[in-house]
Structures are given as structure tokens and as C-alpha cells.
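**Q** Can you look at this prediction? I've put the sequence above it.
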Amino acid sequence: MAGMPCRIREFSMLRLKTSRRFALTLIVFAILLAFGRLGFAQERVDIDARAQTTPFPHFWGKMFGSGRAILSLRESFRNDLRAVKQVADIRYVRFHAILHDEVGVYNEDEHGEPVYNFAYVDQIYDGLLKNGVRPFVEISFMPKKLAFNPDALHPFWYKQNVSPPKSMERWDDLMTHFAQHLVDRYGIEEVSKWYFEVWNEPNIDFWDGIPRQKSYFDLYAHTARALKKVNPQLRVGGPATAAAAWISDFLKFTADNHVPVDFVSTHGYADDTVENLFGTNEDIPMDDRVCRAVAKVRGEIKSSAEPNLPLFWTEWNVQGMNESRDTIFVGPALANTVRQCDGMVDMLSFWTFSDVFEEGGPIPKPFIGMFGLRAEGGINKPSFYAYGLLHQLGDARLANASKNVIVTKASDGGLAIAAWNLVDPDQHGATRQIDLVFHNLPAASRVTIQRVDDEHGNVLPHYAAMGKPLSPTPNQVEELNRETALPTPEQISLQGGRLQLTLSPNALVLVKAGP
């Protein structure tokens, strides 16, 4: 018994050391948790349902790109258009090559006189309008018999001619006949709602004029004046450049020479280089490049003689490394771009809505990292469902400081909230926990939740389980779309005015609450 107090003291000391180790472990756990080292990152977002709002037009879903004009005559193109129209409410479609020889617009008779034929043009535009979509008319490329250099062919599979015209008078006449035909067929009330964009990316190899900028500006001036001569209500703009180039020079040229311009258009992709977009060697993440370029161009417009011109970003997409455009990455990358570009751009045209696309030739199989929302055969990609979620956002936005959340209010007073966990294709990310804390909303309000993530709207695992067929049959396509269709929204109640979301890497979630 004499040794008992000593053993008790030893036991007490052991328990104290254990308690200290346990407390230290809890502290380390908390620190690691805060920094996401244990697979979680945490964030709290406060949402006041009665807060002031700002307009939030759905600028990201109004226009989409789609390859070249002749593809629109295919049933596969039109099926994809109808499907995407249901989830994104497309208003405009832009494509290249309405003047390509395969459309048959321009020819010359045995005396060398112009012969015009708009039969396929009519079928192309009739098809868009029948499906509730207007053309954003990109005026390109050069008919070979009108080309200064008939052999100036671009390396794309369909070998479009990128030469200037052999005669500006002949070009003016073509533009006049083209525009007059459209007005005669569709009426000026309709065609005045279209946009006419002069050429595509003339600052790179899509334009063979010398010197490149000066010759393009000359083409633009002739085109704009010819269109306005047909009817001043026709809307014309440019310069449709790659990598946000030439904007200040273009607007100075149009102002100095009194050339009509109704909008500015240009392009920029997340994986364009910083040097090409900004002329610098800054370290700008790919996720930030598009909207940084949009802000740059918006500033150039504001500094011009026409500071209030609309800005149409007529091509963009997320970075394409590791075939990321087929994956769930697109949803968070899209949402993040919408968050950043809000208020700076009038239309942001995703390139493209469909993989009915042939720049490199016919696509050999689905899921090779192409641009569209639907893969070859009409298979819905995760991006298709992501656009569907974001289309459900309201048309008024409530400000919040989060880089991972957009809070909006719908016309019925209900809240629609997008939340995401963006992880770049070459990175390994952690799960993110976002706590939504609602104010001025009943504490036990019902909410609905939809998501696109690894297990929802993600076709790639289903395609792999199917054996990755090179040419899926219509039944297989139907099966893939059925298996990936988003389920009925989950319904739950807030707990004390709070909702805790757990987002796996590249998850996109839509929450609706109220009214």
C-alpha cells in the first residue's frame, strides 16, 4: 500500500500529459482544417434577403458560337441547338464562313460578272429563326472568285480563303446584295435585331491582307458603309480580333474616318497567353484572364470617342488542358467567369454550344476535349447541365464578398444561389465547406438543391462503363443522357437560418430559397 500514492501521482501525470497531447492535437487539427490540409476548406457567406440588388442580365447564355455556317443545315446541329436552347435560352448563334464557296453565295459568269445565290443562306437563317434563335452574322470568308489570292487558304479542314477581295467595288456590291436580300426576305424589323460582325480574328492568320491592320480597317469601312447604305438600322461592328487586340486603334480609326460602328467585338480564352492578351509578363492565373481582358477592353471603349458602345465577347472558353472541357471543371470555371465579368460585357459567347464542329476534320469519337456542351452524337456533357443550373439564377444580384458564390433574386422574390469549388485541371483540390447564413428569411425555410459534380451530370464514368464506344448508337446516346440527367431537386429545410454545403472538387451547386 505504501507505493499507492506514487502510482496515483504517476497516473495523474500520465493523464495530464495525455490531455495536453489531446488538446494539442485538437489545435493542430483545427489549424489544418482551416487551411484545407485535411481535405476541407471552410467559408461563411452571409445573405440578406432584403439587401439592395443590382441588375444581373444573363449575358453568358445569350449567344454561343458554332463552327461554320454550312454545319447548321445538319440535323445533328439543330438537335443540339434545340437541346441547349432548353437549358440556356440562346438568343444568338455566331458561326464562320457564311461566304464560303460551299454556301454558294458568289460566282461569276462567262463574262466575269458577279452572280449571287442566297439559296443556302436562306436555309441556314431560316433554320435558326425556326428554332427561336437569331444569327449574329460574322461576315467571312472570301469567295475564291472574289479573292485577290485564290490560293490563300487557311489550314482548317474546310480550307477557307482568307484573302482580301480583288476589287473593293465588287466587295461593296456583294455586301449590298447580301444585306438587301436579308431585308427583303425577313423584313427590316427582324434584321435590325441582328448583328453584323466584319470578319474573324483579322490580327492573326484568318486575314491575309498587307499590312494586316490597315487592310482590315479598309475592309471594315467598306463593309460598314455598304450595310448602312442598305438600311441605317443594320447594326455593324468589329474588329473581332483574337486576344483582345486592336481595340483602341480600331475605335480611333472609325472616329477619325467617320466610319459607322454599333458595337465592339473581340475574343479571349482562359488559356491565351498573358503576353498575347496584355502585352506583359505578369503572373495572371488562367481563371482570371478572360475577365481581366474584358476589363481592359471595356476601359479602352470608355476612353474612346464612343464610350458607351456595347461590348460583345464573341469567343471564349475555359482552359482546355487535360481535355478539361469534357469534365465537370467547366461548371465552376464558367460560374467564376460570370462572377468576375458581371457588369463589364453585354454578351459573352461560349465557343461552342456543340461538338458538331470540323476545324480539324470530322470528330472521330466523343470526348476528345472539344469545345461544345454536347459531345458527338448529342451526348450531354457536364457543361450542358452547368449551363442549365446557372440559367436558373435570378435577374437581380445581391452583393457578397465570396469568390465562390453568386447570390441572386428572382422576379418572384425568391433567392437563387450558385456555389462552387473551382480546382484547375492540373491541380488536386480539397473539399470545400460553405456555410450559407440567411438573414430576413424564416429560420426554417424550405430550400432546394441541385448539383453538378462527380456523381451528378457527369457522363464520363458512364461512358467508360459502357466501354467507350467510338460511335455510340442512338440507344447508347439516349442511355447516357438518361443516366446523367439531373434528378429532381433535393428539398430540405434551413436549420436556424443556415445551410451547410459540402462541395467536392469542381462541384457546382444551385440553391433556391423562398420566396
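**A** That came through, no problem.
**Q** Now the phi/psi pair for Gln123, please.
**A** phi -60, psi -40 (degrees, to the nearest 10).
**Q** which residues of the stretch 1-150 of the chain score low on pLDDT?
**A** Scanning the stretch 1-150 of the chain for pLDDT under 70 picks out 1-40.
**Q** go with 80
**A** Counting by pLDDT under 80, the stretch 1-150 of the chain shows low-confidence ranges at 1-41.
**Q** And the strands in it, which stretches?
**A** Secondary structure of the stretch 1-150 of the chain (DSSP state E, counting those that start in this stretch): strands located at 40-48, 53-55, 63-68, 92-96, 106-108, 114-116, 134-139.
**Q** List the buried residues of the longest one.
**A** Within strand 40-48, the residues that qualify as buried by neighbour count (16 or more other Cβ atoms under 10 Å) are Ala41, Glu43, Val45, Ile47. From N, CA and C alone the C-beta is placed, and that goes for glycine too.
**Q** Okay, and the beta partners of the first one?
**A** On DSSP bridges, the residues paired with Ala41 through beta bridges are Arg432.
**Q** so what's it up against?
**A** The contact partners of Ala41, by Cβ atoms under 8 Å, 6 or more residues apart in numbering, come to Phe35, Ala430, Thr431, Arg432, Gln433.
**Q** Can you tell me how far it is from Gly429?
**A** Counting by Cβ to Cβ, to the nearest Å, the gap from Ala41 to Gly429 is 9 Å.
**Q** Ok, the last one next?
**A** Ile47 sits at a distance of 24 Å from Gly429 (criterion: Cβ to Cβ).
**Q** Out of the contacts of Ala41, who's the most crowded?
**A** Arg432 (23 neighbours; other Cβ atoms under 10 Å).
**Q** Looks like it contacts Asn421 (just checking).
**A** Yes - counting by Cβ atoms under 8 Å, Arg432 does reach Asn421; the two are 4.1 Å apart.
**Q** Tell me the residues that contact both of these two, please.
**A** Asn404, Leu503.
**Q** Contact partners for the one residue sitting closest to the centre of the chain?
**A** Residue closest to the mean C-alpha point of the chain, counted by Cα atoms, centre = their mean, is Phe350 at 3.0 Å. Shown in contact with Phe350 (Cβ under 8 Å, 6+ apart): Trp60, Phe64, Gly65, Trp316, Asn317, Leu334, Phe371, Leu373.
**Q** Selecting buried members of those residues in PyMOL, what would you type?
**A** Only the buried entries of the contacts of Phe350 go into this PyMOL selection, using 16+ other Cβ under 10 Å:
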select buried, resi 60+64+65+316+317+334+371+373
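**Q** Between the contacts of Phe350, which sits nearest Tyr106?
**A** Among those, Gly65 lies closest to Tyr106 (Cβ to Cβ), at 23.9 Å.
**Q** So which of the contacts of Ala41 is the closest to Phe77?
**A** Arg432 (37.5 Å).
**Q** Give me the pLDDT for that closest one.
**A** pLDDT recorded at Arg432 is 95.
**Q** Could you check how far it is from Glu108?
**A** For Arg432, the distance to Glu108 - Cβ to Cβ - is 62 Å.
**Q** do Glu376 as well
**A** Relative to Glu108, and taking Cβ to Cβ, Glu376 is found at 38 Å.
**Q** Have a look at those two and say which one is more surrounded.
**A** The residue with more neighbours, out of Glu376 and Glu108, is Glu376; 23 against 13, by other Cβ under 10 Å.
**Q** list the contacts for that one?
**A** Contacts of Glu376 (Cβ under 8 Å, 6+ apart): Asp355, Val356, Ile363, Lys365, Pro366, Met370.
**Q** hmm, which of those are the buried ones?
**A** Asp355, Val356, Ile363, Pro366, Met370.
**Q** Flag the least confident of those residues.
**A** Ranking these by pLDDT, Ile363 lands last with 91.
**Q** and Phe250, which of the strands of the stretch 1-150 of the chain is closest to it?
**A** strand 134-139 (15.6 Å).
**Q** counting contacts, what elements does the helix or strand following the closest one pack onto?
**A** Following strand 134-139 in sequence order, the next helix or strand is helix 168-186 (DSSP states H and E). For helix 168-186, the packing partners by 3 or more Cβ pairs under 8 Å, 6 or more residues apart in numbering; DSSP states H and E come out as strand 114-116, helix 119-130, helix 212-230.
**Q** residue ranges of the helices in this protein, please?
**A** All helices of the chain, identified by DSSP state H, fall at 4-34, 75-88, 119-130, 168-186, 188-191, 212-230, 247-256, 274-278, 286-302, 330-341, 382-391, 460-465, 474-484.
**Q** Which one of these lies nearest to Thr241?
**A** By Cβ to Cβ (comparing all of the helices of the chain), the closest turns out to be helix 247-256, at 7.5 Å.
**Q** quick one: low-confidence ranges for the stretch 351-500 of the chain?
**A** In the stretch 351-500 of the chain, no residues with pLDDT under 80.
**Q** Please enumerate the strands of it.
**A** So, for the stretch 351-500 of the chain - with DSSP E, counting those that start in this stretch - the strands run 374-375, 379-380, 396-398, 405-409, 415-420, 431-439, 446-452, 490-493, 498-503.
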